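> Predicted model, plus sequence, below.
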Amino acid sequence: MVTLTKELNAASLPQYYTDFLTGKRQLTPQEISILKETNTNIDPTWKNIWVDECEFEPDLISGCHFRGFFVVGKLTHISLKYHDLVLEAGCFNSLFENVVLGDYCSVCNVQYISNYKVGNRVILFNIQEISCTKHSKFGNGLLKEGESESARVWVSVGNENDNRAVLPFDSMIPADAYIWSKYRDDKQLMARFIELTEFGQSKLQNTYGIIEDDVVIKNTTLLKDARIERAAYIKGAFKLKNITIHSSEDEPSQIGEGVELVNGIMGYGSKAFYQAVAVRFVIGRNCQLKYGARLLNSVLGDNSTVSCCEILNNLVFPFHEQHHNSSFLIASTLCGQSNIASGATIGSNHNSRSPDGEMFAGRGFWPGLCSDFKHNSRFACFTLVAKGSYQNELNIQYPFSLITSDGPCKPVRIIPAYWFLYNMYAVARNKSKFQKRDKRVIKVQHIETDPLAPDTMQEVEIGLRKIIELTVDYLIGQKYEAAILAEDKKALYQIAKDYLHQNPNADFTLRDTSVQKKFGGLILKPVRAYKEYRKIAKYFSVRTLMEYADRNNIEKLSRKDFVKIAAMPLYIKWVNVGGQIMPEEKLLYLFDLIKTHEIEDWNGVHAFYDKCFEEYEDHKVAYAMNLLEKLYSRPICEFTSEIFEDIHNDVSAVNKDMYASALISRMKDYDDDFRMITFRNGREMDAVVGTIGDNEFLSDMKKNSDDFEKRLKVLFADLQENAV
């Protein structure tokens, strides 16, 4: 309903605006006379307008209407240029209501701009409406005075039933969203998260919109309750409402044609183009949302790209790729470095009539074309799922595995350690690939991009243990004499380990009833997987010890070094917190600090993350040494020369195999006859796809592999000589 009200005038200038009057003056009679020729003002005295004390040319304001107050900075005959757009500084054919303009701005054809503070050198061109309510939160999950809880904006990540919902805030990173959405059973912690979000925030209804320096906005329909930060570029947007666009000169953000962003926060250096839609969201740094993509009730981590598809109720860690129009992702938590193929429908099948199903996938989740899954499902890190319809819930605890379907009502087939056996190029390239894609200038969210890290190694330990336990069942089923005569479970476990070690060429299949509801799964090539898991665990441990030695200028490790490492805190349970790998004990300690008010805001939480990141390498080396001890079932001080030789041989083999396998994997793109059938000759193919010699990664990998081999020869030299 339209109501009548009195117009604002100069006397009603709010107190919180008066700071903008420094260096300003009111109009002279001559300036008023010039302005009256081409402009109108609701205040007949024109005392509602303030201009710069020194630099003001009244002829640069034309065709405008003024309501409430208007404050303008330096305004002289000067042009502003951005790409091909060149406009004269000034205000033309626009309606202003309670607006502060900075120096040398160009405002042209803005049909309505109300309650905004605009920075310096800003271009506003062909815009229907720019307005801000006095209770705006700019996408943050805050409340203003007098507002009820129902007015608070939540982002319902990870589950459709809202019971994992988080409050968005300016500095939110995936780590924050993860701990808030995951540990829901701690009610005191949940209450404190709300307090952290509101700490230091004003509840007064005195908000005004902000457009910072060097922003360009053109051909846009609506900006309402929007904070647009420095150097942002917006062209042809449809609706930007209750949002913050983080942007800076070093990391400028862009919004393009037809984009609709409502109730959310967009990170530094991010881009949204071509009819993309985001509602109730947090988008991280250096992200892209384009080609009709729909992001609803979701948090998208740094360095991610989403095109064409639909993402609803998700928490997605950094380095996520989803490019295809038929991709559909709902009610999931993905731990990053993931790629959703075309036709994937993740979340379309529920296990009940209520919208409470969800999926959790570790780092490196890659479902194949046209795959669909049933909630609830969980996947270990770097799970590759072949094309298929998976009609029962899955619980995949084997990292680096390949999952295939034989159809409905049948066991799924799993090859553990598949990536090491058949796709080493992808494993080897993973870290450098993502590091090159990381264009963030300021890296608030710490991201582990190495596939071999404590989070994956603890899953490798689980995979090893499960293969051994399933081998026990297999040997009993085969009436293996030693298994039948075993005295207890511990003896059975050791017999199964010995069998796996002593029969490297054995070819049998294990049955794991826990990997799929009702029909279980078949574990293929378990002996090879067991060997690969052990070798890669040794490689991780030795490489981590080598990095420790290099950091401390140690040429050869000694038993004294092991004593020092043993004195470090040992953490054996690790959590991927938004992309950062940290000990679970540290995370629980953080929660205690929050609940006891020793940490009062999210800046304090982020400082805690930073401290954990600084300690990460030392915590990792203690875990690596402990992992070696587990693999050989004895303290490292009791390792014999034969054990050190075995470690050296296995790690050297992995190092060489990584390069050789990566080279073979990549060579398939060059020497396969079917890769050549679309080219007239080899020269055309080389011109289009390049040659194997052009592969910079493989060249670097060869050098690094050779350097690693040289370093490995001396790392344990003294220990081998002096061991028992």
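Structure received. Since the model is a prediction, treat every value here as computed from it, not as a measurement. Numbers count the residues shown, from 1 in each chain.
> which parts of stretch 14-28 are buried?
Buried positions in stretch 14-28, judged by neighbour count with 16 or more other Cβ atoms under 10 Å: Tyr17, Phe20, Lys24, Leu27. Where C-beta positions appear, they are placed from N, C-alpha and C, glycine not excepted.
> Starting from the helix or strand hosting Phe96, tell me which strands it pairs with and how they run.
Taking DSSP states H and E as the definition, Phe96 sits inside strand 95-101. If you go by DSSP bridges, strand 95-101 pairs up with strand 65-72 (parallel), strand 113-118 (parallel).
> Take those strands and write them to JSON lines, including mean pLDDT, mean neighbour count and distance to Lys656.
Shown next, in JSON lines, are the strands paired with strand 95-101 (pLDDT from 0 to 100; neighbours: other Cβ atoms under 10 Å; distance: least, Cβ to Cβ, whole Å):
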{"stretch": "strand 65-72", "mean pLDDT": "96", "mean neighbour count": "22", "distance to Lys656": "70"}
{"stretch": "strand 113-118", "mean pLDDT": "97", "mean neighbour count": "22", "distance to Lys656": "62"}
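> Out of the ones you listed, which is closest to Leu627?
Across the strands paired with strand 95-101, Leu627 has its closest neighbour in strand 113-118 (56.0 Å, Cβ to Cβ).
> moving C-terminal of the closest one, what's the next helix or strand?
Downstream of strand 113-118, the next assigned helix or strand under DSSP H and E is strand 123-131.
> quick one: average pLDDT of the helix or strand following that following strand?
Sequence order places helix 174-182 as the next helix or strand after strand 123-131, per DSSP H and E. The average of the pLDDT scores along helix 174-182 is 98.
> Contacts for helix 174-182 next, please.
By Cβ atoms under 8 Å, 6 or more residues apart in numbering, the residues outside helix 174-182 that reach it are 155, 157-158, 164-167, 169, 190, 193, 282, 284, 299, 301-302, 315-318, 333, 336, 445, 577-580, 587, 590-591, 602, 605, 609.
> Give me the distance between stretch 369-383 and the centre of its chain.
Relative to the centre of its chain, stretch 369-383 is centred 19 Å away, using Cα atoms, centre = their mean, to the nearest Å.
> May I have the distance across it, first residue to last?
By Cα to Cα, to the nearest Å, the extent of stretch 369-383 from end to end equals 14 Å.
> Quick check: buried residues in it?
371-383.
> just so I know, which of the strands paired with strand 95-101 lies nearest Leu464?
Nearest to Leu464 among the strands paired with strand 95-101 is strand 113-118 (60.3 Å), distances taken as Cβ to Cβ.
> between the closest one and strand 123-131, how many degrees?
Using axes from the mean of the first three to the mean of the last three Cα atoms, to 10 degrees, the inter-axis angle of strand 113-118 relative to strand 123-131 is 130 degrees.
> CA atoms only: put strand 113-118 into PDB for me.
Only the C-alpha atoms of strand 113-118 are listed here, as PDB (Å, rounded to 0.1, in the frame of the first residue of the first chain):
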ATOM      1  CA  ILE A 113      19.600   6.300  -5.700                       C
ATOM      2  CA  SER A 114      18.700   6.500  -2.000                       C
ATOM      3  CA  ASN A 115      20.600   6.200   1.300                       C
ATOM      4  CA  TYR A 116      24.100   5.500  -0.200                       C
ATOM      5  CA  LYS A 117      27.600   6.500   0.400                       C
ATOM      6  CA  VAL A 118      29.600   6.400  -2.800                       C
END
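> Surely Asp512 is in contact with Gly463?
No - with contact defined as Cβ atoms under 8 Å, Asp512 does not reach Gly463; the gap is 10.8 Å.
> For the closest residue to Thr40 other than its chain neighbours, give the beta-bridge partners.
In this structure, Thr40 finds its nearest non-sequential neighbour in His65, 4.8 Å apart by Cβ to Cβ, 6 or more residues apart in numbering. On the basis of DSSP bridges, His65 is bridged to Thr40, Leu95.
> and the contacts of helix 174-182, which are buried?
Those of the contacts of helix 174-182 that meet the buried threshold are 155, 157-158, 164-167, 169, 193, 282, 284, 299, 301-302, 315-318, 333, 336, 445, 577-580, 587, 590-591, 602, 605, 609, by 16+ other Cβ under 10 Å.
> which residues of this protein score low on pLDDT?
1-12, 348-355, 662-667, 669-670, 693-694, 697, 723-724 (pLDDT under 70).
> Which strand runs longest in it?
Identified as the longest strand of the chain according to DSSP state E is strand 216-228.
> Give me the residues contacting that strand.
For strand 216-228, the surrounding residues in contact (Cβ under 8 Å, 6+ apart) are 82, 85, 122-133, 136-139, 207, 209-212, 215, 232-245, 247.
> Any quick PyMOL command for the buried ones out of these?
Per 16+ other Cβ under 10 Å, the buried members of the contacts of strand 216-228 correspond to this PyMOL selection:
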select buried, resi 82+122+123+124+125+126+127+129+130+131+132+133+136+137+138+139+207+209+210+211+212+215+232+233+234+235+236+237+239+240+241+242+243+244+245+247
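> just the CA coordinates of the strand holding Phe96, formatted as CSV?
Presented in CSV, the C-alpha positions along strand 95-101 are these (Å, rounded to 0.1, in the frame of the first residue of the first chain):
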residue,chain,number,x,y,z
LEU,A,95,17.2,11.1,-8.8
PHE,A,96,19.1,11.5,-5.5
GLU,A,97,17.7,10.9,-2.0
ASN,A,98,20.1,11.1,0.9
VAL,A,99,23.3,10.4,-1.0
VAL,A,100,26.9,11.1,-0.4
LEU,A,101,29.2,11.1,-3.5
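> Please shift the residue numbers so they start at 53 in all later answers.
Sure, I'll start counting at 53 from here, so that last one is strand 147-153.
> Contacts for it next, please.
Residues contacting strand 147-153 (Cβ under 8 Å, 6+ apart): 60, 69, 72, 116-125, 143, 159, 162-170, 174, 260.
> which SSE is Gln443 in?
Gln443 belongs to no helix or strand, assigned by DSSP H and E.
> and the gap between it and Ser429?
Using Cβ to Cβ, to the nearest Å, Gln443 is found at 11 Å from Ser429.
> do Arg686 as well
Using Cβ to Cβ, one gets 38 Å for the distance from Arg686 to Ser429.
> before we move on, what about Lys672?
Taking Cβ to Cβ, one finds Lys672 at 29 Å from Ser429.
> Run the chain-centre distance for the longest strand of the chain.
Relative to its parent chain, strand 268-280 has a centroid offset of 26 Å by Cα atoms, centre = their mean.
> What angle do strand 165-170 and it make with each other?
90 degrees.
> After the strand holding Phe148, which helix or strand is next?
Taking DSSP H and E, what comes next after strand 147-153 is strand 158-162.
> Need the residues that contact that next one.
Contacts for strand 158-162 (Cβ under 8 Å, 6+ apart): 132, 139-147, 153, 165, 170, 174-179, 182.
> returning to what we had before: any chance of the buried residues of stretch 66-80 in TSV, with distance to Ser254 and secondary structure too?
Below are these laid out as TSV (distance: Cβ to Cβ, whole Å; DSSP: H, G, I helix; E, B strand; the rest coil):
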residue	distance to Ser254	secondary structure
Tyr69	15	helix
Phe72	18	helix
Lys76	25	strand
Leu79	33	coil
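> Nearest to Ala618 among the residues you listed?
Of all these, Ala618 sits closest to Phe72, with 62.2 Å by Cβ to Cβ.
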